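Enquirer: got a predicted model here, sequence first, then my questions.
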2 protein chains.
Amino acid sequence: MTQDVKEIFGTAGATGGAPPAPAALAAKVRTLAPSMTRSMQRVAEAVAGDPAGCAALTVTGLAELTGTSEATVVRTARLLGYPGYRDLRLALAGLAAQQQSGRAPAITTDIAVDDPIADVVAKLAYDEQQTLADTAAGLDTVQLGAAVAALAGARRTDVYGIGASGLVAQDLTQKLLRIGRIAHAPSDPHLAVTNAVQLCAGDVAVAITHSGSTGDVIEPLRVAFEHGATTIAITGRPGAPVTQYADHVLTTSTARESELRPAAMSSRTSQLLVVDCLFVGVAQRTYDSAASALAASYEALAHRHRSASR
Amino acid sequence: MTQDVKEIFGTAGATGGAPPAPAALAAKVRTLAPSMTRSMQRVAEAVAGDPAGCAALTVTGLAELTGTSEATVVRTARLLGYPGYRDLRLALAGLAAQQQSGRAPAITTDIAVDDPIADVVAKLAYDEQQTLADTAAGLDTVQLGAAVAALAGARRTDVYGIGASGLVAQDLTQKLLRIGRIAHAPSDPHLAVTNAVQLCAGDVAVAITHSGSTGDVIEPLRVAFEHGATTIAITGRPGAPVTQYADHVLTTSTARESELRPAAMSSRTSQLLVVDCLFVGVAQRTYDSAASALAASYEALAHRHRSASR
DNA sequence: CACACCGTGAAAGCTATTTTCGGTTCCGTG
DNA sequence: CACGGAACCGAAAATAGCTTTCACGGTGTG
């Protein structure tokens, strides 16, 4: 009995069932930071900030450096997805070697109020590229595959999102419609719930929320979940409330934000990449019908692109 | 003199005083092989042959694999210049990571129908990164600066976009609203024209269209232009019809597309980067009011993020 | 105000690495 | 051919590092 309980807790605590992260460590740290305690954050920060330096330290050394205890260091390693500190250290060594051989760590500065416009462009582009790389590295392909399979076989699909995530929801909906899948993205939370009631086994519901705790998005997903639909959550916090009702969780990466660069920006980039992956995956699986549907929608729009040509 | 020579030999021989080898491990193995005993050679061979595999093994594991004892493994590690097996293992992990990252750039191909899901993720991420870099490089900062100035001083702003570009238009609108600017993104083309009639000098109209020849978007921009508003076009074709009525043209990059990867995907990424640049630029120019408006909207939404927290 | 719970570090427990030590083999020598 | 010595090797002891347990202190809640 007690063993069962323990085991369940063990697996749940390990958050990402995924294999140990190879290079996307900084991303993982940022993603999981919110669900960390203060002292664990200190450890995570040290690790992300100086992989090479930390790789040279023993548990005790790192504990002293961060002013915590060995236990906390091990706990942090576990949270990051490694079986223990030993393995985290190996990954760290790998990371260090990689960035040593690779290019320079580049621009890490925030955007300032008095930055010239050219700098703004460069920094934004760089940050978004970084976000894409992190997201790609951190995506669980098993979950993604399962989500694609569900979407490809769905009778109909509902996509929930509010605010910036609402646009991503609409993007996914547009794409699915283009390849002949039936999809809706209700913008009104009440309508969303009303719709969700109609879903049943064989249908799919997708919730998109960066924080993972947006009530207006969780609610319809819960309803869909309880009515037997397959549910997918796209969120930046793998442990957030929304995942309670999600059969498949797809994690987006979280970039550091600042006053002039709200989190919405990078989370949107990240979410869109995930959505694109879903789309392409579904298109692959339903290639024949998808291709003809695409061609048809293209054809239908063609005449719209000539009107004002003079 | 002779001392100098000795010293040189000592360091060059690398046997002792040198710091632990970073990557040139295979070379070191070959150099030192002759001076090794039989069982040590077996260990060294295994290590040089499969760094990644050996990095995953404990002393005992490696000893068993090579049919030797722990002591021999440690002795070999020492001979290779490391203080002990622990450090050799770290170096091995680094080496493995390095050669792993070495072979990656093979993703210039299009996405195929039978690509595994992991490849899809990698290719999409890579392509979008490429798009971002291209866009950033191709953006005319003078035009961008002028557009920002116009937006920052605008009494009100209308943003036109249809289909995928419509979402980008909404994104820009949401952002501007968040920092206290008055903005609209009419989704109905007729309403757009109706709205455009109301614009006058001091107002701004933005048209977003990848092709640059979407009638439903050009029309309202033309109306706004003729009523004296400052007009901005975000398009992938610098010479397209839409630019006729644009005071400032911002060019987005066009990536190659394919059947499974419609142009909509990269054009959207590109457009969003431009929109983000506009947003940050405006936020910089109106910093005081922007910051307080951001804070206010954040505050107003705070309570929405707790509802389903347990 | 009491209670339960979470985060935390000290210390016990255990695994992996290092060291020691003695047996074995191989070579050179008487 | 027998013997002595030296180098090589692995078993097992010793140690260092990693992991787990447990109890304390702080915080939020009924």
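Expert: Sure, I can see it. Since we're looking at a predicted model, the values are computed, not measured.
Enquirer: which residues of the stretch 51-200 of chain A score low on pLDDT?
Expert: In the predicted model of the stretch 51-200 of chain A, residues A:100-109 satisfy pLDDT under 70.
Enquirer: and the strands in it?
Expert: A:157-161, A:183-184 (DSSP state E, counting those that start in this stretch).
Enquirer: may I have the strands that pair with the first one, each with its orientation?
Expert: In this case it means strand A:157-161. For strand A:157-161, the paired strands and their directions (DSSP bridges) read strand A:183-184 (parallel), strand A:204-209 (parallel).
Enquirer: which residues does that strand contact?
Expert: The set of residues external to strand A:157-161 that reach it, using Cβ atoms under 8 Å, 6 or more residues apart in numbering or on different chains, is A:151, A:167-170, A:172-173, A:176, A:181-186, A:192, A:195-196, A:199, A:203-209, A:216-217, A:220-221, A:224. All C-beta atoms are positioned from the backbone trio N, CA, C, and that covers glycine.
Enquirer: burial measure for the closest residue to DNA strand D within chain A, as a count.
Expert: Taking Cβ to the nearest atom of the strand, DNA strand D has its nearest neighbour within chain A at A:Gly84, 1.9 Å off. Look at A:Gly84: counted by other Cβ atoms under 10 Å in any protein chain shown, it has 12 neighbours.
Enquirer: that one and B:Gly53: what is the separation?
Expert: 20 Å (Cβ to Cβ, to the nearest Å).
Enquirer: what does A:Ala240 give?
Expert: For A:Ala240, the distance to B:Gly53 equals 38 Å [Cβ to Cβ].
Enquirer: more neighbours: which of the two?
Expert: Per other Cβ under 10 Å, whichever of A:Ala240 and B:Gly53 has more neighbours is A:Ala240, with 24 against 15.
Enquirer: which residue sits closest to that one in space, ignoring its chain neighbours?
Expert: Leaving aside its chain neighbours, A:Ala240 sits nearest to A:Gly212 (2.3 Å; criterion: Cβ to Cβ, 6 or more residues apart in numbering or on different chains).
Enquirer: correct me, but the one you found touches A:Ala246?
Expert: No - using Cβ atoms under 8 Å, A:Gly212 is not in contact with A:Ala246; the gap is 9.6 Å.
Enquirer: what sits in contact with each of those two?
Expert: A:Ala233.
Enquirer: so what's A:Asp114 up against?
Expert: B:Gln284.
Enquirer: show me the helices in the stretch 51-200 of chain A, by range?
Expert: A:51-55, A:59-65, A:70-79, A:85-101, A:117-138, A:141-153, A:164-178, A:189-198 (DSSP state H, counting those that start in this stretch).
Enquirer: most tightly packed of those helices?
Expert: helix A:164-178 (a mean of 24; mean count of other Cβ atoms under 10 Å in any protein chain shown).
Enquirer: got the contact list for that one?
Expert: Outside helix A:164-178, the residues within contact range by Cβ under 8 Å, 6+ apart are A:151, A:157, A:159-161, A:182-185, A:187, A:206, A:208-210, A:214, A:217, A:234, A:264, A:267-268, A:271-272, A:275-276, A:278-279, A:282, A:293-294, A:297, B:163-164, B:167, B:170-171, B:174, B:262, B:264, B:268.
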